[in-house]
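Need a 3D model of the sequence below.
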Amino acid sequence: MQERIRELCAAINALVDAANFDVTHCANEFGYSVGEIMSAPEQTLEQLLRYGPARRHDGLRGFLDMSQKLRDMGFMYCGHGYFSSVFQHAATPGVVYKLSMRTDDAYAAFALWARANPNPHAPVFHDIQRGRRAVVFAIKEYLPLNVAQSRGQLPRDFTSYRLMGRVSANKPNTMYRRNLVKYLREVRKFFEGVATIDIHGENLMFDPDSKRIIVTDPVSFTKSSEDYQCCSTT
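Purely as a prediction, here's the structure:
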């Protein structure tokens, strides 16, 4: 399956490189995040074509054409971030493809670091391919915390805020605290001076195989309001 994963990553990058659009400028013109433009239903984008700024129509049309080609290849949309969209493909079950339209984003640096420094709380990256205009990450599929909780795989009263409160607290170890704090300190130490720790509910997921919390995107080049004291390297 690894070869198929590499082929699909390369295919996504080839489509993006060949497409006639600049999704970042499109998003700015229409007042959306890049991820929202990339994940918007086609009807919504067609409405933007009718009513949005005329100078962005060609670029948005090029993006719609690329999105259709992704669907034709069998990619299925399953989520988005601010600069990215996430897809699945039936040929590689248990794998998701994150298409990031920023080649200079902190996530690429974190992904390379995580592959070189495996950790039970870090996501598994099957492949990373950088194209001319985007980066594609093939990642093991994890469960959102609310899904894991609905299936009874987390404590009933568990929330990301409660978890991070425990991580921050100077109290005896809980089931998550020791290893998770150690992991976040390692990340913080490596990226110190370059990026900050950025932890919130959408950056935490659950691995049903290992029964562990996975911190999927813990760093940001922009200082976060949630730069946890527990992660201090001093």
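
okay, CA-based contacts and neighbour counts for the rest of this
Noted.

What is the subsequent helix or strand relative to the worst-scoring helix or strand of the chain on mean pLDDT?
When the helices and strands of the chain are compared on mean pLDDT, DSSP states H and E, helix 160-168 comes out lowest with a mean of 55. Sequence order places helix 177-191 as the next helix or strand after helix 160-168, per DSSP states H and E.

all strands for this structure, in order.
75-80, 84-89, 95-100, 125-130, 135-140, 143-144, 196-197, 204-207, 212-215, 219-220 (DSSP state E).

By mean pLDDT, show me the worst of these.
Among the strands of the chain, strand 196-197 carries the lowest mean pLDDT, at a mean of 75.

Could you name the helices and strands sitting against that one?
Strand 196-197 sits against helix 177-191, strand 219-220, with contacts defined as 3 or more C-alpha pairs under 8 Å, 6 or more residues apart in numbering; DSSP states H and E.

So which of those is the most surrounded?
Compared across the helices and strands packed on strand 196-197, strand 219-220 shows the largest average neighbour count, a mean of 22 (mean count of other C-alpha atoms under 10 Å).

Show me how this structure divides into domains.
2-141, 144-231 (automatic domain parsing).

related to what we said a few turns ago, looking at the helices and strands packed on strand 196-197, which is nearest to residue 199?
strand 219-220 (7.8 Å; C-alpha to C-alpha).

residues in contact with residue 215?
121, 122, 123, 199, 203, 204, 205 (C-alpha atoms under 8 Å, 6 or more residues apart in numbering).

May I ask which two of those residues are separated the most?
123 and 199 (14.3 Å).

okay, residue 63: pLDDT?
So, for residue 63, pLDDT stands at 73.

Residue 103 reaches residue 129, doesn't it?
No - Residue 103 is not in contact with residue 129 according to C-alpha atoms under 8 Å; the separation is 10.4 Å.

Now do the shared contacts for the two.
residue 135.

How about residue 98, nearest residue that isn't a chain neighbour?
Distances taken as C-alpha to C-alpha, 6 or more residues apart in numbering place residue 86 nearest to residue 98, at 4.4 Å, with adjacent residues excluded.

cool, and residue 194?
residue 221 (6.6 Å).

pLDDT at the one you found, what is it?
At residue 221, pLDDT is 70.

For it, grab the count of nearby residues.
By other C-alpha atoms under 10 Å, 16 other residues sit near residue 221.

give the contact list for it.
Residue 221 neighbours (C-alpha under 8 Å, 6+ apart): 105, 106, 194, 195, 196.
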